[in-house]
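[1] Prediction below, plus the sequence it came from.
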Amino acid sequence: MFKVIQRSVGPASLSLLTFKVYAAPKKDSPPKNSVKVDELSLYSVPEGQSKYVEEARSQLEESISQLRHYCEPYTTWCQETYSQTKPKMQNLVQWGLDSYDYLQNAPPGFFPRLGVIGFAGLIGLLLARGSKIKKLVYPPGFMGLAASLYYPQQAIVFAQVSGERLYDWGLRGYIVIEDLWKENFQKPGNVKNSPGTK
């Protein structure tokens with residue numbers, strides 16, 4: 001039995017090998033005319049016009065088509081929302097990874113400072129009992145005050161930028177109020193003549 005197995009394995013393993021065979025024309029043979037593909041009987045093109053006829057749709061195909069047509073506005077809305085939120089989410093994930101790396105390699109004294117700033121926010125929350133406006137103003141104010149003690153340069157830059165923004169917002173609010181005042185309270189017939197006009 002051992003000899004039979006050995007003989008049957010030999011030819012089977014040879015069939016897995018690949019060989020390249022190169023053929024060269026004989027030197028004394030006359031050149032042959034090549035045959036075109038159209039001349040071969042295997043590739044003969046049938047004469048006449050072929051016409052494509054579409055099969056009638058089945059009930060299942062019709063219902064799937066109606067479902068796709070019905071869902072199309074929702075899928076386009078989902079695709080647009082996804083394309084708009086994807087960069088924001090990638091930025092948020094990147095910010096989280098950067099924050100995690102920063103906290104893993106925090107500078108010395110960072111965590112005690114963070115604790116003092118957070119504690120100042122809690123004190124502001126405790127002192128702001130009873131009033132919603134105080135709850136909005138006291139905790140960020142106390143946290144900002146504590147942060148400005150530890151980071152004075154960043155506090156100066158933040159105060160300058162936020163001061164400019166507050167000035168811009170105040171100016172815009174003044175312009176809006178002025179426009180509303182002119183539209184509602186100053187009508188063309190109610191304008192009195194000043195002493196210098198006739």
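    Yep, that arrived.
[2] Which strand or helix spans Ser63?
    helix 59-104 (DSSP states H and E).
[3] Okay, angle between the helix or strand following that helix and helix 59-104 too, please.
    Using DSSP H and E, the helix or strand that directly follows helix 59-104 along the chain is helix 110-127. Relative orientation of helix 110-127 and helix 59-104, computed by axes from the mean of the first three to the mean of the last three C-alpha atoms, to 10 degrees: 110 degrees.
[4] so how far is helix 110-127 off the chain centroid?
    In terms of C-alpha atoms, centre = their mean, to the nearest Å, the centre of helix 110-127 is set 35 Å apart from its chain centre.
[5] so what does that helix touch, helix or strand wise?
    On a contact count with 3 or more C-beta pairs under 8 Å, 6 or more residues apart in numbering; DSSP states H and E, helix 110-127 meets helix 132-150. Bear in mind the C-beta positions are built from the backbone N, C-alpha and C, glycine included.
[6] So Tyr52, which state does it fall into?
    Here Tyr52 is recorded as coil under DSSP: H, G, I helix; E, B strand; the rest coil.
[7] Arg129 too?
    Assignment for Arg129 (three-state DSSP): coil.
[8] where in this structure is pLDDT low?
    Applying pLDDT under 70 to the chain flags the ranges 1-32, 35, 37-48, 187-198.
[9] One more pass at 80, please.
    1-54, 185-198 (pLDDT under 80).
[10] now the spatially most central residue of it: how far from Pro73?
    In the chain, the C-alpha nearest the mean C-alpha coordinate belongs to Lys86, at 1.9 Å (C-alpha atoms, centre = their mean). Counting by C-beta to C-beta, to the nearest Å, the gap from Lys86 to Pro73 is 20 Å.
[11] now the closest residue to Ile117 other than its chain neighbours: how far from Ala155?
    Distances taken as C-beta to C-beta, 6 or more residues apart in numbering put Ala146 closest to Ile117, at 4.6 Å, once the chain neighbours are dropped. Applying C-beta to C-beta, the value for Ala146 to Ala155 is 10 Å.
[12] can you list the domain ranges for the chain.
    Domains of the chain are assigned by the TED database as 60-104, 106-143, 150-182.
[13] As TSV, these with distance to Tyr52 would be great.
    TSV is the format used below for the domains of the chain (distance: least, C-beta to C-beta, whole Å):
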stretch	distance to Tyr52
domain 60-104	18
domain 106-143	70
domain 150-182	65
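[14] So which of these is the most surrounded?
    Greatest average neighbour count among those goes to domain 106-143 (a mean of 13), per mean count of other C-beta atoms under 10 Å.
[15] distance between the ends of that domain?
    Domain 106-143 stretches 20 Å from its first residue to its last (C-alpha to C-alpha, to the nearest Å).
[16] Distance from the chain centre to that domain, please.
    34 Å.
[17] And stretch 93-110, by the same measure?
    24 Å.
[18] One more: stretch 146-164?
    33 Å.
[19] Name the residues that touch that stretch?
    With C-beta atoms under 8 Å, 6 or more residues apart in numbering as the test, stretch 146-164 has contacts from Arg113, Val116, Ile117, Phe119, Ala120, Gly121, Gly144.
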